[in-house]
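Visitor: with the sequence up front, the predicted model follows.
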Amino acid sequence: MAVKIRLARRGRTKLALYDVVVADARAPRDGRFIEKIGTYNPLTNPASIVLKDDRAFHWLMNGAQPTDTVKAMLSYRGVMLKKHLQIGVVKGAITQEQADAKWEEWMKAKEAKIQGKKDTLAQSKQEQAKARKEAETKVKEARAEAIKKKNVVKEPEAAPAEEAPAEAAIEPAAETTEAPKADTTPESEEPKA
């Protein structure tokens, strides 16, 4: 019986999640499996990989063959390096302490790299949000300025138009009051030549 370490799909359409399973090579993709050793979520950035590293290592040492994707995941998590170092210990090339020290050193470097990527992503996300906010502020200020200019332009045009009818209304009233005064004045008061 050939044993594979592979992915079994679950999750709904276009939101795939995967289980990392140890299964018989003849079993269907989402069918029977021997053991579930982890999960994989490719939709997050960086992708979320949750594995039982000791169980994956156990199955690798017992001859289970990982698929290409799972092999990349195991390499990312350091399980493939641990297997490589353990084979060196079995062959007598290095001691167990040296292998453990190399693996721990590699894991610290890997964790620092992953944390650096998370920090960079978070920082870029904040910078993008800040840039969007500044752009929105500029647009808002431009709109406010345009509205202000429209209102300023309309008011001077509207003010003389309002004053002209008011003056016109006042002037005819003044003429009507002056005209009778002119008619009531005696002709004798006209200047003599």
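Guide: Yep, it's here.
Visitor: quick check: which element contains the residue nearest to the spatial centre of the chain?
Guide: By C-alpha atoms, centre = their mean, the chain has its centre lying nearest to residue 125, at 6.0 Å. Under the assignment given by DSSP states H and E, the secondary-structure element containing residue 125 is helix 96-184.
Visitor: point out where this protein drops to low pLDDT.
Guide: Counting by pLDDT under 70, the chain contains low-confidence residues at 1, 153-193.
Visitor: which residues touch stretch 6-21?
Guide: 5, 23, 29-30, 33-43, 51, 56, 66-67, 69-70, 73 (C-beta atoms under 8 Å, 6 or more residues apart in numbering). In short, each C-beta sits where N, CA and C put it, glycine included.
Visitor: repeat the analysis, applying 10 Å as the threshold.
Guide: The contact list for stretch 6-21 (C-beta atoms under 10 Å, 6 or more residues apart in numbering) reads 4-5, 22-23, 25, 27-43, 48-52, 55-56, 64-70, 73-74.
Visitor: would you mind listing which of the residues you listed are buried?
Guide: 4-5, 22-23, 33-35, 37-40, 49, 51, 55-56, 64, 66, 70, 73-74 (16 or more other C-beta atoms under 10 Å).
Visitor: among these, which lie within helices?
Guide: The members of the buried ones among the contacts of stretch 6-21 that map onto helices under DSSP state H are 55-56, 70, 73-74.
Visitor: what is the nearest of the residues you listed to residue 135?
Guide: For those, the closest approach to residue 135 (C-beta to C-beta) belongs to residue 73, at 39.1 Å.
Visitor: now that closest one: how far from residue 53?
Guide: Plainly put, residue 73 is 11 Å away from residue 53 if you go by C-beta to C-beta, to the nearest Å.
Visitor: can you list residues touching both of the two?
Guide: Contact with both residue 73 and residue 53 is made by residues 38, 79, according to C-beta under 10 Å, 6+ apart.
Visitor: and residue 63, what does it touch?
Guide: Taking C-beta under 10 Å, 6+ apart as the contact definition, residue 63 lies against 2-3.
Visitor: run the last query once more with 7 Å
Guide: Shown here is residue 63, whose contacts under the criterion C-beta atoms under 7 Å, 6 or more residues apart in numbering are residue 3.
Visitor: repeat for the one 10 residues further on
Guide: Residues in contact with residue 73 (C-beta under 7 Å, 6+ apart) are 40, 49.
Visitor: next: the one 3 residues further on.
Guide: When contacts are counted by C-beta under 7 Å, 6+ apart, residue 76 touches residue 49.
Visitor: do the same with residue 116
Guide: When contacts are counted by C-beta under 7 Å, 6+ apart, residue 116 touches no other residue.
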